[in-house]
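Participant: sequence and predicted structure below; questions after.
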Amino acid sequence: MLRVLAVDDEAPLLAELLHMLRADGRIEQADGAEGAMEALRHIDQVAKEGDHLDAVFLDIHMPGLDGLELARLLTRFSTPPLVVFVTAYEDFAVQAFELKAVDYVLKPIRAARLAEAVRRVAERVRAERLDPVPAGPAAPAQPAGAHPVTQEPPDEVIPVELGGLTRFVRLADVHYAQACGDYARLHTGQETHLIRASLGQLEERWRAAGFVRVHRSHLVSLRFVDELRLDTGQLSVRVGAQVLPVSRRHARELRDLLVRQARPDRQPPR
């Protein structure tokens, strides 16, 4: 059973969030705080009682100390609570990724979406209780159907034609694929290879290997995403030396995947 804290400076929204959290059978106790300073006092009081919080469900836009600043403070605690951002703004997913948030829930809050965030918290807490030895940040739990980027992709071999010869390219070496009409160009670091397949076909075929569509012209392996960038409202990803645009249509899925499934052995962009 979980003990959590909800933080939002708008009382009606805080009350709604608390109502939804308290209705979840996995949560034993859910308290509220109308701002970051009140949240810090509450966390301190819980510690004095010899208890601890499992997670903080945290708004971002708040007067004084905002949610991102509070989350940074929490990372300095000896046993920091997990953080789930609950916000009306999409633009802070990059910072949430940097802070290793468990989830990033957009307002207006849907009950099913919040329940999924609670599930991730519960699985993280359960894993940490089973293995309390600190070994770096734990990877967020994978939801059903998600791209398993914490695993190595299947060892698929792709035949490609080159000057009358057939070469074989391992899927594990493909950084991203680029649409070229009825063909797709595979980029593997220093080399490129043209194969007869549409990007849509590859998207379905390689979904389980951690590939995600980021643009109508690009399919990217999340294993090779080095940076997630937000510049004047345009989201992009850096894969090696290449910076690829992320379309608005695919932005939310990409940000959600990176926030939830950031690899524990890869440092987020600074």
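Facilitator: Everything's here; your move.

Participant: the nearest residue to residue 72 once chain neighbours are set aside and residue 84: what is the separation?
Facilitator: Leaving aside its chain neighbours, residue 72 sits nearest to residue 99 (6.6 Å; criterion: C-beta to C-beta, 6 or more residues apart in numbering). The way it works is simple: take the backbone N, C-alpha and C, and place the C-beta from them, glycine included. Look at residue 99 and residue 84: by C-beta to C-beta, to the nearest Å, they are 11 Å apart.

Participant: more neighbours, the two?
Facilitator: residue 84 (22 against 18; other C-beta atoms under 10 Å).

Participant: for residue 97, grab the count of nearby residues.
Facilitator: There are 18 residues near residue 97, going by other C-beta under 10 Å.

Participant: mind checking the SS state of it?
Facilitator: Following DSSP: H, G, I helix; E, B strand; the rest coil, residue 97 is assigned to helix.

Participant: going by contacts, tell me the helices and strands next to the longest helix belonging to the chain.
Facilitator: Assignment by DSSP state H gives helix 111-130 as the longest helix of the chain. Applying 3 or more C-beta pairs under 8 Å, 6 or more residues apart in numbering; DSSP states H and E, we find helix 111-130 packed against strand 2-7, helix 11-22, strand 55-58, strand 82-87, strand 103-106.

Participant: just send these back as CSV, with distance to residue 204 too.
Facilitator: Putting the helices and strands packed on helix 111-130 into CSV (distance: least, C-beta to C-beta, whole Å) gives the following:
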stretch, distance to residue 204
strand 2-7, 36
helix 11-22, 34
strand 55-58, 35
strand 82-87, 31
strand 103-106, 26
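
Participant: deepest of the ones you listed, which one?
Facilitator: Among the helices and strands packed on helix 111-130, strand 55-58 has the highest mean neighbour count (mean count of other C-beta atoms under 10 Å), at a mean of 28.

Participant: what pairs with it, parallel or antiparallel?
Facilitator: strand 2-7 (parallel), strand 82-87 (parallel) (DSSP bridges).

Participant: can you redo those strands as JSON lines with distance to residue 49 and mean pLDDT?
Facilitator: What follows is the strands paired with strand 55-58, written out as JSON lines (distance: least, C-beta to C-beta, whole Å; pLDDT from 0 to 100):
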{"stretch": "strand 2-7", "distance to residue 49": "11", "mean pLDDT": "97"}
{"stretch": "strand 82-87", "distance to residue 49": "19", "mean pLDDT": "95"}
